[in-house]
Each structure stands twice: as C-alpha cells, then as structure tokens.
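A.B. asks: build me a model:
(2 chains)
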Amino acid sequence: MTVAATRIALVALLVCGCAIAAPAIDRVPRPEFEGPYRPPSTAVPSGRSSRREMLDVTILAAFLVLATEVVVRRRSRRAAVLVGLGSLAYFGFVREGCLCPIGSVQNVSQALAGEAVLPLATAATFVLPLGFALWRGRVFCGAVCPAGALQDLVLVRPAAIPAWIAEPLSLGRHLYLSLGALLAATGSTFLVCSWDPFVAVFRRTGSLRGVFLAGVFLLLAAVVARPYCRFLCPYGVLLGWCARLASRRASTCPSECVRCRLCQSACPAGALHGPMAPIPESVEHGIRRLAVLIALTPVAVAGGALAGARLEAVLARLDPTVRLAETMLTEDPAAAAGSTLETRAFRSGGRQMADLAASARAIRSRFRVGGALAGAYLGSVVMVALLRRSRRPRRAGYGPEPADCLACGRCFDACPQARAPLALAQEAADLG
Amino acid sequence: MAERHSRREIFRAGLRLSATAALGGVAASLAVRAETGPTVWQIDPDACVQCGRCATHCVLTPSAVKCVHAYDMCGYCRLCGGYHRPEAKVQDTAAEHQLCPTGAIRRTFVEEPFYEYTIDEAACIGCGRCAKGCSAFGNSSLFLQVRQDRCLHCNQCAVADACPAQAFRRVDADRPYLLKGRQRSR
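C.D. replies: Predicted coordinates for the structure are as follows:
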C-alpha cells in the first residue's frame, strides 16, 4: 500500500472510532515533509494598546472641565447643550457608550469583592465625575453624560411628576445600584450593561431587548425629563452624595434670591424648591413622629438585611454557575448527554460535578452576605428618606436641591437677576 | 447665625476634602493592585465546545470571533475533519463537501499525501463548525479566538454571557491570545 492509502485508512479508522468529542489529542501524527514546505505560524493581529483608553480618560476630564466652566461659571444653557451634544457625539456614537462611568460602578464593585482587577483607566473613569461632583456639583450629568444628553435632546413636553410619585420612584436608583453591585461582586453578570436602554441607540443596532428598551426610554424621555437619571441611574446615587458637599454648584440665581417665583416651573426634573411653607402640624406631633421613625430605623435595616439574605435563593439563580449546578442536579446524572446546551457542554468538558457544586455553594454564600448588605442598605435608604422629611431645609430662597439637580441649565434663563445685568448694560449703552 | 454658617461651611469643607482623599485613595489602591494594564476578552480553546453562539451573539456582524489554525498541530490530512463534511464521498474542494458555510477554508496541496488548510479571515464568521469537526475527527488544531483588532472590548461581552461552557476569560491586553500548539507559551 502506498503511504497515501495507509494514511487514509488510518484516518478513516480514527474517524469511525472518535465520534465523541474528547480533549484534544494527537490522533493524527505530525507530518514529516520531504519537500521544502514548512508549517507557517498562526497569525495574530496585535492587541489594542492602552493608549486609546487613557486618551478617552483625558477627553472625559476635558469635557468635565468644559462642563464646569459653562454650567457653574458662565451659566449658559446654550453652551451646556452644545457641550452635551459634543459628548453625545464622541462618547455616545464614536465610542458607542462603552466604557462609561455608570458601568464602571460594576467594575469597582467587582474589584472590591476581589473578583477582578480594576484597570487604571476604569478607575479614572469612575473617580473623575465623582471628584468634580464633590467640588462643583453634578456637572457630569448636566453636560457630559451621553445618556443624559440623549434624554435632553428628545425632551419635548415635560410632564410634571408629583413629588409623592417621584420620590418613591427615585428609590429605584438605590435598588438598581445594590443589585448591579451585588451581581458584579459575585461575578455573575453586568446587569447595568445588559439592561442599558441607550447602548442600542449608540451602536445603531442591538438585541431585541436592547432595541425595545431603547424605544421605550426614548418615548418616555420625550414626556418625562431624564427618566433614567431620576429613577434608575446607579451612578447618580453616588453623584448625589458627592454633590451635597460641593461648595459651588449650578445655581438658578446668580446672586441673592428675591423670591419672585419666576423660576418655579423652570425645572422639568422637579429639583427646584423654594423655602419651606409653614408647617401645618404641631411641634409635639412632629417630635413624636421623629421618635417613631428613629425607633423604626434599626428595625427597617435589620428587616432589610433578613429579607435580602432570604432572597438569596432567587438572586443566586442569576449566576450562570449556580443555574448550571441546579440544572445538572435536576437532570438524570446517568444520561450521557445533557438536556440543555450548557449541561451538554459541562458533561463533555470533563469537569467534575463535585467541583461545580462546591463553586455553586460558594457563590450562594456570597449572595447571602451580599443580599443581606443590599437589604440593609435599602432599608436604611428608605428610613433616611423618611427621616429627612422631619428636617427643615435651610433654604432662604428658590434654588436647586443639590443632590437632585442635574445641572442641565434650564433654570438659568428663568431668573430675572441673571438677565438684569444684561438689561442694565443695554440701558447704559442706549443712554450714552 | 453667621458663626453657625461658617462652622457649617468649615465642616462641609473638611468632609469634602476627606471624601476626595478617600475617593482617590480607594481608586488608587484598587488600580495599583493591577500589575498589568487593561484586560481584553479571549476564548479558552480547551473549554470551548464550539456551540456556534460566537457567530450569533457578538454585537458585531460578522462576529469578532474567528477560527484560527494551529499549523504545528495539524495533521495535514487528505480527509480533513474540519474541512470536509462527514458524509463527503470525495475529498475535493467542492462546495457541497465543505463544512464551512462561507467557504473560508482554503485547501491547497503540499505534497503527497499532505494538504494545507488556511483560513480566510475576511470570510470567517466564527460559527465553529470546522473547529467542532476538527476536534471530533482530528487533532483539534482549528479553534476559535477573539480577534483583538475587531473586538470592541465591551465591558459586558454578550458572547461571554451566552457561552454555555463559560469559556471566556479576561486576559492581559499585552498577551491577548490563548493559542494552541507550540505557540501556547506566548
């Protein structure tokens, strides 16, 4: 038999015998070439350099500086809109919305839990808008965030949402933050990325869920100002905390407020409040209510922790390893092939069921701890929101609430004191 | 009143400074732990089961995942498990005998009885049929890899999320390929 025929017979025998996928082995021996041919090496296109990411961080810092200038110093709504459009163009459509500070919360959570390493560029993306918020308010939200700029762009007829609806709804941000951080810390999935409504717009394509969410949110954003920012954004929670400490922020009135109330309906996001009206209830009633709330606080926090830990069974199923372990346990262990693609892959991969079960148990215990923390956090958030109602806000005039103000600049033109200097200058020019 | 204001302001300023320091400190300590730079997504070829989701779940079309060939592992067979359909009666380059749906594998004769198989990356859609065939009937020298010049490096890789074997890893951007064969040590 010729060499060729021998080889074909050998291969045919192996083909018949090796129908089950097995770990790679040398079924066919390495060829020995008699002629000049030598096997080439596998071509590998070069990986990307980290320079692109550092460039993006630099551009983010530049946009933040620009936003601070136009929103806090110059107080120009038009300039803020232009900066926002520029950011939407670059961070939204050129970089397609990734990596964004909102998503970086998950990376930080993952790094804090020890699940992954935080690259320098991601750390910078997380820290920069917060740093600016600490000193100059939520300028990131106002003129830099591409999602915010997109929502601002499509807003045509803002409907005023009453406070008794908007305040409980805004607790959704804390829920999203704790869920997103929990699922990232356990290494399960990046919830905020998977359910991001704007990435389908930025990429001009997407999965069915992505396109559907984009449609829903764009329609909603046409009639409700900044729905994602006000009710869902996890990063906005952190920005709000930082903005409370800022000394200089976007302000409605450039000087002393005279309470003319012309700006009352200028904020579509409901962040503009005036001095508190006289309280109808008696002081004793207020003190009693405060005492009840303070007594309830540890109950709420502990209750939240317990509820969060109990929900571990439901939450853990969002993790692929836990899902796989549960599916494997319900399947017939003696079956050669699994019922789903995941179990088939597991069975053919040679991993041990005991290892999988151990991993799943470890992940579930992390969900217990994480769930308890998330529950305690949410309980404390609710109590703080209730307790804050017992406190008189120190507001002499009309102005934006520091934590809620998205620094969009819509209220700038409503204040007559902002226009007065211009009018006086015009008069002076007319006179002489 | 003015006294209380200034004390309050000083307190807030102190809080602001310490918050800034804490923010910078936490971020720096987390980032410094990273010995390497950014990470990119890559497929572990030993874990991959060639299910075909790489072609359908990537946000790019065609996918950023492509098949690569470890030539030093290849057997150079006339009947190639990754090139030919199992039911192919004649081992030639006819389209009806090929596994690849886009015809991205090129078969050239080298010397008797060896044939070289190369992948045309522009045509490859990352479906993994050739890799599946090669791992079933051959040396498993055809395998899927994320091509770093195409990949967008999403924070959440849609393919990684959908992978049934959880074969996606984050690897150092300086050594982004998990190759088979003698080049594995790269």
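A.B. asks: got any ranges where the chain has weak pLDDT?
C.D. replies: Reading this off chain A. Chain A contains residues with pLDDT under 70 at A:1-25, A:47-50, A:278, A:333-334, A:336, A:420-425, A:432.
A.B. asks: wait, I meant chain B there
C.D. replies: B:1-5, B:33-37, B:182-186.
A.B. asks: residues near the residue in it positioned nearest to chain A, how many?
C.D. replies: Chain B approaches chain A most closely through B:Gly75 (3.0 Å), counting by CB to the nearest CB. Using the backbone N, CA and C atoms, a C-beta is placed for each residue, glycine as well. Residues lying near B:Gly75 (other CB atoms under 10 Å in any protein chain shown) number 24.
A.B. asks: does it belong to a helix, a strand or coil?
C.D. replies: Classification of B:Gly75 using DSSP: H, G, I helix; E, B strand; the rest coil returns coil.
A.B. asks: from the centroid of chain B, which residue is nearest?
C.D. replies: Chain B has B:Val146 as the residue nearest its centroid, 2.5 Å off, counting by CA atoms, centre = their mean.
A.B. asks: over to chain A?
C.D. replies: A:Ile102 (3.4 Å).
A.B. asks: wait, it sits on A:Leu232?
C.D. replies: No - A:Ile102 lies out of contact with A:Leu232 (CB atoms under 8 Å); the separation is 9.7 Å.
A.B. asks: need the three-state assignment for B:Val67.
C.D. replies: If you look again at residue B:67, you'll see it is Cys, not Val. strand.
A.B. asks: show me the contacts for it.
C.D. replies: For B:Cys67, the contacting residues are B:104, B:119, B:124, B:126, B:128, B:130-131, B:142-145, by CB atoms under 8 Å, 6 or more residues apart in numbering or on different chains.
A.B. asks: can you give me the helices for chain B?
C.D. replies: B:2-32, B:53-57, B:129-137, B:158-162 (DSSP state H).
A.B. asks: tell me which of these is the most buried.
C.D. replies: helix B:129-137 (a mean of 24; mean count of other CB atoms under 10 Å in any protein chain shown).
A.B. asks: check whether it contacts chain A.
C.D. replies: Yes - using CB under 8 Å from any CB of the partner chain, we find that helix B:129-137 touches chain A at B:132, B:135-137.
A.B. asks: and those residues, which is closest to A:Ile165?
C.D. replies: B:Lys132 (53.9 Å; CB to CB).
A.B. asks: and the closest one, how far is that from A:Phe140?
C.D. replies: Taking CB to CB, to the nearest Å as the measure, B:Lys132 falls 47 Å from A:Phe140.
A.B. asks: with A:Pro39 instead?
C.D. replies: A:Pro39 is 53 Å from A:Phe140, by CB to CB.
A.B. asks: more neighbours: which of the two?
C.D. replies: A side-by-side neighbour count of A:Pro39 and A:Phe140, using other CB under 10 Å, places A:Phe140 first with 30 against 21.
A.B. asks: quickly find the element holding the more buried one.
C.D. replies: Assigned by DSSP states H and E, A:Phe140 falls within helix A:139-143.
A.B. asks: for the helix or strand following that helix, what is the distance to the chain centroid?
C.D. replies: Using DSSP H and E, the helix or strand that follows helix A:139-143 in sequence is helix A:146-154. Relative to its parent chain, helix A:146-154 has a centroid offset of 15 Å by CA atoms, centre = their mean, to the nearest Å.
A.B. asks: helices and strands around helix A:146-154, which ones?
C.D. replies: Helix A:146-154 is packed against helix A:77-87, helix A:139-143, helix A:208-223, helix A:227-231, with contacts defined by 3 or more CB pairs under 8 Å, 6 or more residues apart in numbering or on different chains; DSSP states H and E.
A.B. asks: for that helix, output the C-alpha coordinates as PDB.
C.D. replies: Taking C-alpha atoms only, helix A:146-154 is exported to PDB below (Å, rounded to 0.1, in the frame of the first residue of the first chain):
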ATOM      1  CA  PRO A 146     -24.100  60.900  26.700                       C
ATOM      2  CA  ALA A 147     -27.200  59.100  28.100                       C
ATOM      3  CA  GLY A 148     -28.200  62.300  29.800                       C
ATOM      4  CA  ALA A 149     -27.600  64.400  26.700                       C
ATOM      5  CA  LEU A 150     -29.700  62.000  24.600                       C
ATOM      6  CA  GLN A 151     -32.600  62.200  27.000                       C
ATOM      7  CA  ASP A 152     -32.300  66.000  27.000                       C
ATOM      8  CA  LEU A 153     -32.300  66.000  23.200                       C
ATOM      9  CA  VAL A 154     -35.600  64.100  22.900                       C
END
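A.B. asks: in that helix, what's buried?
C.D. replies: A:146-152 (16 or more other CB atoms under 10 Å in any protein chain shown).
A.B. asks: what's the spacing between A:Val369 and chain B?
C.D. replies: In this view, A:Val369 and chain B are 20 Å apart by CB to the nearest CB, to the nearest Å.
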